[in-house]
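Participant: This is a predicted model, with the sequence first.
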Amino acid sequence: MSFNKVDLSFQSCKANYQDSDVVLFSTPLDTTTSYRPGTRFAGNAIRVESIGIEWYSPYMDMDLKDYKTVDIGDLELPMGDVESALDVIYFTTKDILEDNKLPMMVGGEHLVTYPVIKALSEKYKDLHIIHLDAHTDLRDEFLGRALSHATVLRRCHDLVGDNHIYQFGIRSGDKHEFEWAKTHTHLQKFNLNGLLEVIDSLKDKPVYITIDLDVLDPSVFPGTGTPEPGGITYKELLDAMQSFTKLNNVVGADIVELAPMLDPSNVSTVVAAKTLREMILLLHRQKK
């Protein structure tokens, strides 16, 4: 599979597709957003702001310039057609996996995680998901829709089954979602307590990491469609990303739910850009 090069890329992620170990792409979808839209603009906003982010990570002691990453840009998604848009994401991810590369996705609303998990679950039969978020995302339907940013982890559960989803930082959701989680997922309310133990138990399992950036407190990250007070600090998120380096088989990752226009200061976009740098480097550690 080959992709056209994009004029605007994230930092130094300009390698040829064939040579790259990690493929970065963004998914401009916010069709099912239930409160404040705007996540469709996240990918290119992050690319613009990445000029202010150093290529070297002192946390990972790694430099993006030393690794082969291709940024294939925004996927072309049919506006208003959720199912067809999810198909584009699914088939793109399948192509990346078939070429033995790791997918790094930028949302978009959180629903975009579902087709990536669909593709990965076909390749990895024991796939596990680590999910950082303010919201449960475990409704079976929302506003009459089975496919929604509020149902995405329930749909992922349809694919991976019980005890394969580990949720952290959760502080918002319907009561029945929390009750359902007690027997179907591992859910840690309010904080990241227990993450190190989970990582140790999943050390050699195939793991996908999905970070809804609204897991951060709105004082740190106001540029999101559904801000939820009481979130984690950025230092806590950095520590979590450092702990992910103890996993031996991270098979993909995403960051979602930045709505850049909701933070005129652009600080939220810079937070997302720094997070993306760390996650790209985390994936490259898997290929070392």
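Facilitator: In hand now; what should we look at?

Participant: In the stretch 1-150 of the chain, mark out all the helices, start to finish.
Facilitator: Applying DSSP state H, counting those that start in this stretch to the stretch 1-150 of the chain gives helices spanning 42-49, 82-98, 113-123.

Participant: Make a markdown table out of these and add distance to Val267.
Facilitator: C-betas here are computed from N, CA, C, even on glycine. Shown next, in a markdown table, are these (distance: least, C-beta to C-beta, whole Å):
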| stretch | distance to Val267 |
| --- | --- |
| helix 42-49 | 9 |
| helix 82-98 | 28 |
| helix 113-123 | 24 |
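
Participant: Nearest residue to the residue nearest the centre of the chain in space, ignoring adjacent ones along the chain?
Facilitator: Note on the chain: the residue nearest the mean C-alpha position is Asp254, at 2.1 Å, using C-alpha atoms, centre = their mean. Closest residue in space to Asp254, ignoring its immediate chain neighbours: Met105 at 4.0 Å, by C-beta to C-beta, 6 or more residues apart in numbering.

Participant: What count of nearby residues applies to that neighbour?
Facilitator: By other C-beta atoms under 10 Å, 27 other residues sit near Met105.

Participant: Let me know the pLDDT of the closest residue to His131 other than its chain neighbours.
Facilitator: In this structure, His131 finds its nearest non-sequential neighbour in Gln167, 4.7 Å apart by C-beta to C-beta, 6+ apart. We note a pLDDT of 99 for Gln167 in this prediction.

Participant: any idea where the strands of the protein begin and end?
Facilitator: Counting by DSSP state E, the segments of the chain that form strands are 22-27, 56-57, 62-63, 69-74, 102-107, 128-132, 165-170, 186-189, 207-212, 250-256.

Participant: Just send these back as CSV, with distance to His157 too.
Facilitator: Formatted as CSV, the strands of the chain follow (distance: least, C-beta to C-beta, whole Å):
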stretch, distance to His157
strand 22-27, 21
strand 56-57, 33
strand 62-63, 33
strand 69-74, 28
strand 102-107, 19
strand 128-132, 9
strand 165-170, 6
strand 186-189, 12
strand 207-212, 13
strand 250-256, 17
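
Participant: circling back to that earlier point, hang on, the residue nearest to Asp254 packs against Pro28?
Facilitator: No. Counting by C-beta atoms under 8 Å, Met105 does not reach Pro28; the two are 11.4 Å apart.

Participant: which residues are common contacts for these two?
Facilitator: Counting by C-beta atoms under 8 Å, 6 or more residues apart in numbering, Met105 and Pro28 have no common neighbour.

Participant: Okay, now the unreliable bits of this protein?
Facilitator: Within the chain, the ranges that satisfy pLDDT under 70 run 1-6.

Participant: circling back: of the strands of the chain, which is nearest Asp140?
Facilitator: strand 165-170 (14.7 Å; C-beta to C-beta).

Participant: That closest one pairs with which strands?
Facilitator: Using DSSP bridges, strand 165-170 pairs in its sheet with strand 128-132 (parallel), strand 186-189 (parallel).

Participant: In this structure, where's the longest helix?
Facilitator: Identified as the longest helix of the chain according to DSSP state H is helix 267-287.

Participant: wait, doesn't Asp63 sit right on Ser57?
Facilitator: Yes. With contact defined as C-beta under 8 Å, Asp63 and Ser57 form a contacting pair (7.3 Å).

Participant: Pick out whichever of these two has more residues nearby.
Facilitator: Applying other C-beta under 10 Å to Asp63 and Ser57 shows that Ser57 carries more neighbours, namely 19 against 13.

Participant: Alpha carbons of stretch 188-201, as CSV, please.
Facilitator: Output in CSV follows, covering the C-alpha atoms of stretch 188-201 (Å, rounded to 0.1, in the frame of the first residue of the first chain):
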residue,chain,number,x,y,z
GLN,A,188,-11.0,2.7,37.7
LYS,A,189,-13.0,5.8,38.7
PHE,A,190,-11.4,9.3,39.0
ASN,A,191,-7.7,8.5,38.7
LEU,A,192,-5.0,6.2,37.3
ASN,A,193,-4.6,4.0,40.4
GLY,A,194,-3.8,0.4,39.5
LEU,A,195,-2.4,1.2,36.0
LEU,A,196,1.0,-0.1,36.8
GLU,A,197,-0.4,-3.4,38.0
VAL,A,198,-2.5,-3.7,34.8
ILE,A,199,0.5,-3.0,32.7
ASP,A,200,2.5,-5.7,34.5
SER,A,201,-0.3,-8.2,33.8
